[in-house]
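Peer 1: Structure for this input, please:
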Amino acid sequence: MWACLGALAAWAALIPAPAWPHDPAAAKTPISRADQLPRRTHLLPKLPSELLEGPVSDLMPLADALERDIVADLARFDIQDAATLRAMVSTRLNIALLRGDWAAVAPLAVQLRALQDKPGPKLTIGVLSELVARMKREGKDADALQAWVAQRFSAMPWTDVQDSVKAMKGQLEISQPSLVIGGMRAQADEAARNANRRVDDSMVAALIGARAQLDHLLPHRAAIIAGLAPLIERQMKASPAKPDRWSGRLITLPMSAPAKPVVVGIWDSGVDMALFRGTAQRGLAFDRDGNAVSDLLRPLGDAQPRWPTLKRLVKGSLDLRAALDTDEARLLKRTLAQIKPEQVKAFKEDLALATMYTHGTHVAGIAVAGNPFASVYPVAMHWSHLSAPPMPSEALARSFAAVYRRAAEGLKAAGARVVNMSWRYGPGFYESALAYHGIGKDGEDRKKIAQALFGIERDALKAALEGAPEILFVAGAGNEDNNADFVEYIPAGFDLPNLITAGAVDQAGDETSFSSFGKTVVVHANGFEVDSLIPGGERLKLSGTSMAAPQVTNLAAKLFALDPGLTATQVKAMILANADRKGRVNLINPKATIARLGIDVSVK
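Peer 2: This next block holds a predicted model:
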């Protein structure tokens, strides 16, 4: 219901915080799940967008209170999640920028990078804020900032930082004040109205981040881009591409292989079945309320005439991230340069719809590539693409609990051997929706309600998967660079014998900057710029753990086709046993795994 898909890239008078006496010698309380942290509520003096456009002094009392809360939490708790700690430090860095406390920015940026464990972010995160603060502190101009940007990033190992730097430039090229303000008007303002302007600390943090972006990053956008662009152009011409450790692992089954038909379930946002072989049963589909519907491919509705342009805008966003100067990238930049705040809501909803429309088909294409024995059985979930989330309720949670049971029964009846689930959500999605609709007395009350409603869906989904032990389910870890266990993502956080969760690497086998992780994320596969089908039969490169998971599904489907007697747990064990461990990355090896079967799959 609160699905978070993998392709495209993602969007609080004051009640005094409780004061907790803290003995420095006392042991901190360990925090192993996000729901163990306290929630606080703040009264906004104005609507969020008004706080972005008005005097920064209106926002500073909220910023001061939030920083006090962060410092208190760090003193009291042993937070066992780097992503949560990074969010806290990032908020403190943004507060320092808003205060004009330029000397405080660099130490916080260093602390932020120290909390990273991926090579690219460990070198690049916080650098722009650090350089902007230096410019302010030394009274320099944009030319100095441009030179510092070029110098700082040129000194970094390109192999480690290239994806991060390209994405940084691409994001800056489409960032506009109108997008930031329009986004706040479309979603945060409505949430604040619904709650009589009493909002959670997460919204205060988002406001502070948006204001810091408007005041201290976007005014210097041109200088930063000018500093990055020659470096990227030079490196793309001179530097060898990252080594490809992925393509050589893939294997295509010839029609002559001694294999049997295998049914691959695609539990996703809908599939264009005209592009795939289907099972005798046509599949299942459910609308945003959990009602059964007939459309296996999500209808575009009144957006259908806009689809040709939307398709180009989606490609443009991906091209910009890869630092490619294409017609589609230029179209996106022109479109966003002209957008007005009142147009942002419709634009974002259109892109969300386009993402959901393409997602399931793209995933299916990866899952069955190189396997002529595979047929697709879709379970289509037509989640809402609107800015306003669905109204949470026990009835809706139970409706989706019933969907999970029905989906599992349908997959079993279709004879599915492996099912791809490139989606996930956790109680945090419920909390956000409750806050948007003004449900609950305060943040702590919302946390309790969210846990109860989420528990209904979590338990039903887990029982549905456990009740199909003959099926191997494959989940995507998530794209938030966080711990899937800490935020309680499902299905990614389940520890089941017939479920395997995949994180994403690039073609060199390096963990992507976006991939989530955790104790249940036990394998990795390529999830960076993966080429596959979209509705209508065109091809597009998308990135995300949504693209990594079907690589694992693909391998499992081939194993089941070649040896139908294998069980789900046996296939899982084979995939794990033949993966290559490097740090926390456990990279699957389809060719080596299939070779273990001892079956001749050569072309005859």
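
Peer 1: Count the residues that sit near Asp189.
Peer 2: Look at Asp189: counted by other CB atoms under 10 Å, it has 17 neighbours. C-beta coordinates here come from the backbone N, C-alpha and C atoms, glycine included.

Peer 1: how far away is it from Ala435?
Peer 2: Remark: distance between Asp189 and Ala435 (CB to CB, to the nearest Å) = 13 Å.

Peer 1: Please list the residues outside stretch 292-310 that contact it.
Peer 2: Residues outside stretch 292-310 that contact it (CB atoms under 8 Å, 6 or more residues apart in numbering): 269-273, 282-287, 331, 350-351, 353-354, 356-357, 360-361, 378, 380, 382, 406, 535.

Peer 1: next one: stretch 205-213
Peer 2: 12, 48, 51-52, 56, 59, 62-63, 66, 87, 90-91, 94-95, 97-98, 129, 175, 180, 184, 188.

Peer 1: Can you verify Leu145 is assigned to a helix?
Peer 2: Yes: under DSSP: H, G, I helix; E, B strand; the rest coil, Leu145 sits within a helix.

Peer 1: What residues does it make contact with?
Peer 2: Leu131, Val132, Met135, His220, Ala223, Ile224, Gly227 are the contacts of Leu145 under CB under 8 Å, 6+ apart.

Peer 1: The worst-scoring helix or strand of the chain on mean pLDDT: what's the following helix or strand?
Peer 2: Lowest on mean pLDDT, DSSP states H and E among the helices and strands of the chain sits helix 307-321, with a mean of 87. With elements assigned by DSSP states H and E, the helix or strand that comes after helix 307-321 is helix 327-338.

Peer 1: tell me the angle the helix or strand that comes right after that next one makes with helix 327-338.
Peer 2: The helix or strand immediately downstream of helix 327-338 is helix 344-368, counting by DSSP H and E. Counting by axes from the mean of the first three to the mean of the last three CA atoms, to 10 degrees, helix 344-368 lies at 160 degrees to helix 327-338.

Peer 1: Can you work out which other helices and strands pack against the next helix or strand after helix 344-368?
Peer 2: Downstream of helix 344-368, the next assigned helix or strand under DSSP H and E is strand 374-381. Packing partners of strand 374-381 (3 or more CB pairs under 8 Å, 6 or more residues apart in numbering; DSSP states H and E): strand 262-268, strand 284-286, helix 344-368, helix 394-413.

Peer 1: can you give me how far strand 374-381 is from the chain middle?
Peer 2: The gap between where strand 374-381 is centred and where its chain is centred comes out at 23 Å by CA atoms, centre = their mean, to the nearest Å.

Peer 1: Stretch 141-149 too?
Peer 2: Distance, stretch centre to chain centre, for stretch 141-149: 32 Å (CA atoms, centre = their mean).

Peer 1: Could I have the buried ones of the contacts of stretch 205-213 as PyMOL selection syntax?
Peer 2: Selection command for PyMOL covering only the buried members of the contacts of stretch 205-213, criterion 16 or more other CB atoms under 10 Å:
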select buried, resi 12+48+51+52+56+59+62+63+66+87+90+91+94+95+97+98+129+175+180+184+188
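
Peer 1: quick one on the thing from earlier: for Asp563, find the nearest of the helices and strands packed on strand 374-381.
Peer 2: Across those, Asp563 has its closest neighbour in strand 262-268 (10.4 Å, CB to CB).

Peer 1: re earlier: and the contacts of Leu145, which of them are in helices?
Peer 2: The helices, defined by DSSP state H, take in Leu131, Val132, Met135, Ala223, Ile224, Gly227 from the contacts of Leu145.

Peer 1: distance of Gln551 from Ala502?
Peer 2: Remark: distance between Gln551 and Ala502 (CB to CB) = 7 Å.

Peer 1: which residues are common contacts for those two?
Peer 2: In contact with both Gln551 and Ala502: Ala525, Gly527, using CB under 8 Å, 6+ apart.

Peer 1: Which one of these two is surrounded by more residues?
Peer 2: Ala502 (31 against 28).

Peer 1: Touching, that one and Leu555? I think so.
Peer 2: No: counting by CB atoms under 8 Å, Ala502 does not reach Leu555; the two are 10.4 Å apart.
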